[in-house]
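Participant: Generate a structure from the sequence data that follows.
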Amino acid sequence: MGLGDRCLHRAGLRSDRLWSVCSSERLPEELATHWNEQNIAGGFEPLFGINLLLSATAIVFCALVCGLAIARRGASALLARVGVGLGVFFALGVNAMHLTLIASQLDAQDPTRVTMDPALMIPTLGLAALAGVLAFTFYRPQPAT
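Facilitator: Just a heads-up that it's a prediction; the model follows:
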């Protein structure tokens, strides 16, 4: 993978689920999903399970937080805008975690020896925060009728 591809993947500008499936031949059969305080892997899951769980989590987070914010827009337009911004941030934050989890394990022979590199998550969390701020800035709720 070239430097440009690595930067795009780390920045989260491509679909992380699609990328993980396309990169599946470079991943161990079971991926580490949990690490203890010494950064030692302790939980494992197949790629399909990770994609399903994190996709569902991101969709539910975004739908729940944004949906509640929009539904309550009559009470406070500011609260609705904050809710939409947070919903977008949380949903994309889950994608940041997914990208970090997958990128940390590319070409790993043994998932028990993989360590999580939190520095991989910084660019995607930054983009998630930016998207949340943009959603807050540009969402202008109309009064509920």
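Participant: what about the helices in the chain?
Facilitator: For the chain, the helices defined by DSSP state H occupy 3-11, 16-22, 47-71, 77-103, 121-138.
Participant: Check the ones you listed for me and report the most buried one.
Facilitator: helix 77-103 (a mean of 21; mean count of other Cβ atoms under 10 Å). Placement of C-beta: from N, CA and C, glycine included.
Participant: Just the angle for that helix relative to helix 47-71, thanks.
Facilitator: 170 degrees (axes from the mean of the first three to the mean of the last three Cα atoms, to 10 degrees).
Participant: which helices and strands sit right next to helix 77-103?
Facilitator: helix 3-11, helix 16-22, strand 30-35, helix 47-71, helix 121-138 (3 or more Cβ pairs under 8 Å, 6 or more residues apart in numbering; DSSP states H and E).
Participant: Contact partners for the residue lying closest to C66 once chain neighbours are set aside?
Facilitator: Of all residues not flanking C66 in the chain, G87 sits nearest, at 3.7 Å (Cβ to Cβ, 6 or more residues apart in numbering). Listed by Cβ atoms under 8 Å, 6 or more residues apart in numbering, the contact set of G87 reads 61-66, 69, 135.
Participant: okay if I get those as JSON lines plus pLDDT?
Facilitator: Converted to JSON lines, the contacts of G87 look like this (pLDDT from 0 to 100):
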{"residue": "F61", "pLDDT": "79"}
{"residue": "C62", "pLDDT": "80"}
{"residue": "A63", "pLDDT": "82"}
{"residue": "L64", "pLDDT": "84"}
{"residue": "V65", "pLDDT": "83"}
{"residue": "C66", "pLDDT": "82"}
{"residue": "A69", "pLDDT": "83"}
{"residue": "A135", "pLDDT": "92"}
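Participant: what pLDDT does the residue most central in space within the chain get?
Facilitator: Nearest residue to the geometric centre of the chain (Cα atoms, centre = their mean): N95, 1.3 Å. If you check N95, the pLDDT there is 82.
Participant: hey, which helix or strand in this structure has the poorest pLDDT?
Facilitator: helix 3-11 (a mean of 43; mean pLDDT, DSSP states H and E).
Participant: Just the CA trace of stretch 54-63, in CSV.
Facilitator: Only the C-alpha atoms of stretch 54-63 are listed here, as CSV (Å, rounded to 0.1, in the frame of the first residue of the first chain):
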residue,chain,number,x,y,z
LEU,A,54,-19.5,-1.5,14.6
SER,A,55,-21.8,-0.7,11.7
ALA,A,56,-24.8,-1.3,13.8
THR,A,57,-23.4,0.8,16.7
ALA,A,58,-22.6,3.7,14.4
ILE,A,59,-26.0,3.6,12.8
VAL,A,60,-27.9,3.3,16.1
PHE,A,61,-25.8,6.1,17.7
CYS,A,62,-26.3,8.5,14.9
ALA,A,63,-30.0,7.7,14.4
